[in-house]
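Engineer: Build me a structure from this.
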Amino acid sequence: MSAPSDTPQAPKVTEREARQVAEAAREQDWRKPSFAKELFLGRFRLDLIHPHPLPAPDDVRRGEAFLARLRAFCETRVDGALIEREARIPDEVVNGLKELGALGMKIETKYGGLGLTQVYYNKALALAGSASPSIGALLSAHQSIGVPQPLKMFGTQEQKDTFLPRLARTDISAFLLTEPDVGSDPARLATTAVPEGDDEYILDGVKLWTTNGVVADLLVVMARVPESDGHKGGITAFVVEADSPGITVEHRNSFMGLRGIENGVTRFHQVRVPAAHRIGPEGAGLKIALTTLNTGRLSLPAMCVGVGKWSLKIAREWSAVREQWGRPVAKHEAVGAKISFIAATTFALEAVVDLSSQMADESRNDIRIEAALAKLYGSEMGWLISDELVQIRGGRGFETAASLAARGERAVPAEQMLRDMRINRIFEGSTEIMHLLIAREAVDAHLKVAGDIIDPDKPLSDKAKAGANAAGFYARWLPKLVSGPGRLPSSYGDFRVPGHPDLSAHLRYVERASRKLARSTFYAMSRWQGRMETKQGFLGRIVDIGAELFAMSAACVRAEHLRADDDHGREAYQLADVFCRQSRIRVEELFARLWTNTDAIDKRVVDGVLAGTYTWLEEGVIDPSGDGPWIADATPGPATGENVHRPIR
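Structural biologist: Purely as a prediction, here's the structure:
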C-alpha cells in the first residue's frame, strides 16, 4: 500500500495559520440579539422566542398550497424503492420537480421562483425527503448551499438577473469546496483561480464529494486566488458553467446510503471563468460560504424531523400488532421507552427547526448558533431515532425492504433509513467540527474582552489593556450568574396551565442550567487559558449541554403555542414534559462529565496507538481493504478518463 507521503499534498499551513483563516471567515460582530448566544452566557432570554414567532398568513397560504402539490407529486410520481434499487433518481422525476417549481422554492417570485419562507422550504424538504432521502439531498444541495443562496445574499444584480431565473426552473446547481486532501480545514485549499488580465480567471484543481456535481448545470466553486498586483487574493467564490471546456466529472461516487445522489469528483483544467462570475470580492469566499450556511444548515435537521415522524408512524403501527409473551411489544417497558424517546424527540426536533426557521424568516435575531445547534442536535438525535426503530423492528429492521416484500411482508425500509441518516453527522460540518464552531461562537464575548490576555503574540501593553477591560466585564457579569428567575417558583407562569404538565419547572431548570453552563465555561477559561482550544472534549460537552437547553426551550415554547391555538395542546404539553425530563437526565450527565472524564488518559492511549505501541492488539485479523493511497492524487492537469457529467434534459 502506498504511504500517504507518496501523494501530492495540499499547501502546508501551520495550525495557527489555519485558525487565522477560519477566524477571518467568521462574522465578527453581533448586530442582532441571539437567544443561543445569551444562553451560553448564562442569560435565559425567553422573550426572544416567546411568544412563538408566526409566519404571515399569505406565506402560510402559499406554503400550504405548494406542500399539497408536492405531496401529490411524491405520492404518484416518486418510487423510493426504485431509486434505492437503481441508485439514481429517474430523469422524469427530476424534470417533474422542475415543472413543479421545486428548484426555486427559496428563489424570489420576480426571478421565477416560489418565494417560500424558510419554514415552508424546510417542511417541503422533510416531505420530499420522506419519499426519498436522495430527492431531499438533491433539492437541499441545490438551494441551501448551491448557487441560489450565495447569489441571493452576495450576488450583483446582473448575476441575479442572469442566473436565478435558470436556477428557479431548469438548472441544477452544486457547491464545490471539499478536495481530496482538504475537508474542514479550508486554509489548505489547493484549487487555484489565477487572474488572466482583468476579465477572466483560470481555474485548476480537483474537487471531491460534489453533491449534484454529476448532473449540475451551474457550480459555485471555491478557489484560491494568488495575491498579486491589483489582486487581494484569497479563497474566492465563483459561479461556473458546468459544461465549460476543461471541466471533467471523473467519477460518480457510491455510498453507504443516499444511493440516488449524484455526487462525484470534478476536475478543472485551465477553465476560463469570466471575472463577472465572481461572487463578492476576492478573499470573501469562506465568509460567503459560512454566512450561507447560517440558514442553509437548517435543511438537514428539517429532513431529520421527517425521518422522526416516519419512524414514529412505523413504530406505532408495528408495535401494536407484533406480540411477544402475550402482549404487544409496545406494552413491554424496554420497547415502550424507545417509542417514548422517538415521539418526544421528534416533537422537540420539529420545535427546534420551526423556531429557528421562523426566526430566520423574520430576521430579527442572529441565528448562526441556533442553526448550528439545530444541525448538530438534529443529526445526532435523528441517527438515534433511526437506530431505535431498527431495534424495535428486530430482525425485520435489519432486513431490506425488497427482501421483506419478496417474502410477503410490508416493505419497510428501516435499514435503508439508518444508512441514509448516517451521513448527516458528517454533512455540512461533522459533529466534531460543529462542536468547535459553536464553541467558538459561545465564547466570543469572553475572547472579545480577554482574548489578548491569552494571546502569546500580543505585547504587554495590549495584555494590560485587555486585563482592565476584562476586569470591568467580569465584575458586572459574574454576580449575575449567582441567582436568577430559575430560583423563583413563580417564574414562567405562562407555562403553568391547570390540567397540563407544569412546563414552567423545566424552564426554571433551563435558566439555572444556563447560569451553571456559563460558570463552567468561565472556570475552564480561567484554568486553561490559551490551552482552552485544545480541550475539545470539554468544549463538545459544553456545546451539547447548550443544545439540550435550546431544545428544551423550543419544545416548551412550541407546546404553549399549540395550546394557545387549541391545536393538540394537551398532547403537546405531555410530549414537551417527557422530552424535558429525558433531556434533563442527559444534561446532568454532561455536567458531571465536564470534570469527571477520561480525556487525559485517552490522549495517552492515542499517542500510543500512533506510535505503534498497540500493534500487537491488531493481530489475528485479515484487512479486506484494497491497495492504493489513502488520499487520491489531486495534481492539477488535464483529465485522463471519461467525463461522466450528464446534465438532465
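Engineer: Tell me which residue is most central in this protein.
Structural biologist: Nearest residue to the geometric centre of the chain (CA atoms, centre = their mean): Lys375, 3.7 Å.
Engineer: Span of stretch 320-339 from start to end?
Structural biologist: Across its full length, stretch 320-339 reaches 11 Å between end residues, using CA to CA, to the nearest Å.
Engineer: From Phe495, how far out is the residue nearest to the centre of the chain?
Structural biologist: 27 Å (CB to CB, to the nearest Å). Heads up, the C-betas are built off the backbone N, CA and C, glycines and all.
Engineer: ok, Val78 to Ser134 distance?
Structural biologist: As judged by CB to CB, Val78 and Ser134 stand 10 Å apart.
Engineer: Over to Lys309?
Structural biologist: Lys309 sits 18 Å away from Ser134, going by CB to CB.
Engineer: on that earlier part again, identify the residues contacting the residue nearest to the centre of the chain.
Structural biologist: Lys375 makes contact with 297-298, 300-301, 428-429, 434, according to CB atoms under 8 Å, 6 or more residues apart in numbering.
Engineer: Thr400: which of these is nearest?
Structural biologist: Closest approach between those and Thr400, by CB to CB: Leu300, at 24.9 Å.
Engineer: Burial check on that closest one, number of neighbours?
Structural biologist: 29 (other CB atoms under 10 Å).
Engineer: picking that back up, what about Val78 and Ser134, which has more around it?
Structural biologist: Using other CB under 10 Å, the more surrounded residue of Val78 and Ser134 is Ser134, with 24 against 20.
Engineer: I'd assumed that one was in a strand, is it?
Structural biologist: No: read with DSSP: H, G, I helix; E, B strand; the rest coil, Ser134 is helix and lies in no strand.
Engineer: residues near the closest residue to it other than its chain neighbours, how many?
Structural biologist: The shortest distance from Ser134 to any non-neighbouring residue, by CB to CB, 6 or more residues apart in numbering, is to Gly260 (3.0 Å). Each residue near Gly260 was counted by other CB under 10 Å, and the total is 24.
Engineer: In contact with Gly260, which residues?
Structural biologist: 83-84, 86-89, 132, 134-135, 138.
Engineer: how does it look with 10 Å?
Structural biologist: Gly260 makes contact with 80, 82-90, 93, 132-135, 137-138, 420 under the criterion CB atoms under 10 Å, 6 or more residues apart in numbering.
Engineer: which of the residues you listed are buried?
Structural biologist: Buried subset of the contacts of Gly260 (neighbour count, 16 or more other CB atoms under 10 Å): 80, 83-84, 88-90, 93, 132-135, 137-138, 420.
Engineer: Those residues: which two are farthest apart?
Structural biologist: Pro90 and Asp420 (18.1 Å).
Engineer: Please verify my assumption that Arg508 contacts Met552.
Structural biologist: No: judged on CB atoms under 10 Å, Arg508 makes no contact with Met552 at a distance of 11.0 Å.
Engineer: Counting neighbours, go ahead and name the busier of those two.
Structural biologist: Per other CB under 10 Å, whichever of Arg508 and Met552 has more neighbours is Met552, with 27 against 22.
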